[in-house]
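[1] I'd like to go over a predicted model; first the sequence, then the structure.
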Amino acid sequence: MSAPRGPRLSALLWMSMLAATLVAVPASAQFLDGARQVLNPFPRQNERTPRLLGMGKLTLADDGNNQMGIWDIAGNPLGIWEADSTSEAQVRPLLESANASQDLTIANAQENQTLAAHGAGLGYELFHRTPSGTAYGAYGTLNGFRVDRPYDADTGLEHAIIAPNVTVVLSGKMPYLAPAHMRWMGRAAFNHESVDLHYHQILTNPGGSYVGLPGDEQPPPDLFTPETYSISSTGIGLGVSYRFGRSLTLGINGDNVTAKVRGENTSVRHLSQTSENRPYWIGEGSAVGKLGSSFDYVVDGKLWRARNEERWNFTLAAGVQQEPLTGRGFKLQRTEDGSSLRGRLRWTKDALMLGAGVETRYGMVEVVGPRSDDLTSFNHFLNIVSVRQNADSLVLPDSVRSDAAGQRNVAYSGGATYRLGWRSALVAAEFHWDRQRHDQRSQGDGPEGSGWDVRGGLEVPCTKILTGRAGYLYRTDDFDSFTARNEYLSHTFTAGASLAHPGSRWQLDAGYAYTWSAPDYPDAYEGWSGRQQFAAQIAWVW
């Protein structure tokens, strides 16, 4: 594997590219985390906890949206009623931006922009809880992102993504069987995502080259690869839980989600389309409980599988009284298997709280190409086109190949918080370590990335209604242990505040983080990247 061309990609870019790869199915195999994309509207914990974002991006500290329950920790709606004792409405706006640059040439003041990204989002939760044990409501997000990266030396590629989703939930006690110990849950999810890919000329001026500035639009590299994607998914799920006692509550869920993926590349004279329906079958199991008077634990695991075919359709007008170039048929067979595990342990004693967490994720995607004797296959169509008169084989995409790709991720964390006697101030510190491994049959092992960080935060009540926060995060990353010159250091500074009048029904929390990253090796091009994130939450209870 080759070393990265520029500085480390920001988390905003990774999230946006995940959304793009969900719908882009090239000829070779790939890892696509589809089940997480269509079922988990909060992929990052700090979106639900702007308070902890302002305290150094903590993940283990106590917070209203970070309790020891399967809803806050694992996103399992079976725990909505136990997560709080009041009805509530939460609205969470989010703003992000990222930028990366390097010197255009060695010892040159001109810069080469390698990343320009910005996004905005709005998360929401609306739940009504009754004293009789019934809870119902809805949660979801509305996100929009734009990411610009170089496609080649002169062309930039823009990803524009809009992704709204909503999930409706109803939960209550199990009638007749064991209403004091058993609960049921039903949910329906509705998601839509649109992805637009635009090629444009990289704008160059005396200061350098800038991929994020608007340039003349360029045609796509070929007529077959889709430029726009539309993904609509609907799903239903059922779950039950049983409380054996204070020490153990078990829950099990089952979901079926069907994602309809449509890709299109059109112009005045041609139309290219791809289509597939991905039926995900997802199983989830959760356990939560309290051991003694000090220990709390949460464990949640998921398994999913999807198997489907992708179809293709193409037509090109050849001119007046000329036979058009057309074709349609089978493109590939796709199978996805995955699993995830998330666990959290917390020990509390007076003003001290210790916590630890673990997360693992595995995914395998296998693509099986068409048979050689399939006359409707995309491969057969490419073979015919390549020998057609006046055909330009340089703009044809690759043939579909059978392949398989796997992703294995693991992350550990540990930390402590302590409530000071001075004005009830809170201090916290955490350590995080993670590793990601990607293997592909046709390309071999790797890359394998790993990283660790230390983070800390402080919260001080300033007045009766105002609380201030600050934090810092130091991180080191090696994005591929198999090759050199992939090591980066980053520094993140955070700040936040909250407004809450004693006895009021509403509260405002806000957090801000700025990250600066640079290579941790001699870099003649002086590459760097920066990222800003702002998250807020307006909560109202009744």
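    Received it, and whenever you're ready, just let me know what you need.

[2] quick check: buried residues in stretch 196-208?
    Across stretch 196-208, burial judged by 16 or more other C-beta atoms under 10 Å covers 197, 198, 199, 200, 202, 203, 208. Where you see a C-beta, it was placed from the backbone N, CA and C, and this is true even at glycine.

[3] dump it to CSV, restricted to CA.
    Provided in CSV are the C-alpha atoms of stretch 196-208 (Å, rounded to 0.1, in the frame of the first residue of the first chain):
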residue,chain,number,x,y,z
ASP,A,196,-24.3,13.8,-6.2
LEU,A,197,-20.8,13.6,-7.6
HIS,A,198,-19.5,16.6,-9.6
TYR,A,199,-16.1,16.9,-11.4
HIS,A,200,-14.7,20.4,-11.7
GLN,A,201,-11.4,22.0,-12.6
ILE,A,202,-9.1,22.8,-9.7
LEU,A,203,-8.8,26.6,-9.5
THR,A,204,-5.2,27.9,-9.6
ASN,A,205,-4.0,31.4,-8.8
PRO,A,206,-0.7,32.9,-7.7
GLY,A,207,-1.4,31.7,-4.2
GLY,A,208,-1.7,28.0,-5.2
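
[4] need the contact partners of it.
    Stretch 196-208 is contacted from outside by 20, 101, 104, 110-113, 150-151, 154-161, 209-211, 213-221, 226-228, using C-beta atoms under 8 Å, 6 or more residues apart in numbering.

[5] out of these, which end up buried?
    Here, 16+ other C-beta under 10 Å leaves 20, 101, 104, 111-113, 150-151, 155-161, 209-211, 213, 215, 218, 220, 226-228 buried among the contacts of stretch 196-208.

[6] narrow these to those in strands?
    101, 111-113, 150, 155-161, 209-210, 218, 228 (DSSP state E).

[7] for those residues, work out which two are farthest apart.
    The span of those, defined through C-beta to C-beta, is set by 111 and 228 at 31.5 Å.

[8] show me what contacts the residue lying closest to residue 258 once chain neighbours are set aside?
    Spatial nearest neighbour of residue 258, chain neighbours left out: residue 279 (5.0 Å); criterion: C-beta to C-beta, 6 or more residues apart in numbering. Counting by C-beta under 8 Å, 6+ apart, residue 279 touches 256, 257, 258, 306, 307, 308.

[9] show me where pLDDT drops low in the stretch 351-500 of the chain?
    388-395 (pLDDT under 70).

[10] in it, which spans are helices?
    For the stretch 351-500 of the chain, helices defined by DSSP state H, counting those that start in this stretch occupy the ranges 378-386.

[11] and residue 414, how far from residue 349?
    Note on residue 414: its distance to residue 349, by C-beta to C-beta, to the nearest Å, is 16 Å.

[12] also residue 405?
    46 Å.

[13] for the buried residues of stretch 196-208, point out the one with the lowest pLDDT.
    For those, the least confident position by pLDDT is residue 208, scoring 87.

[14] that one bridge partners, please.
    residue 111, residue 205 (DSSP bridges).

[15] ditto for the one 10 residues further on
    Taking DSSP bridges as the rule, residue 218 bridges to residue 199.
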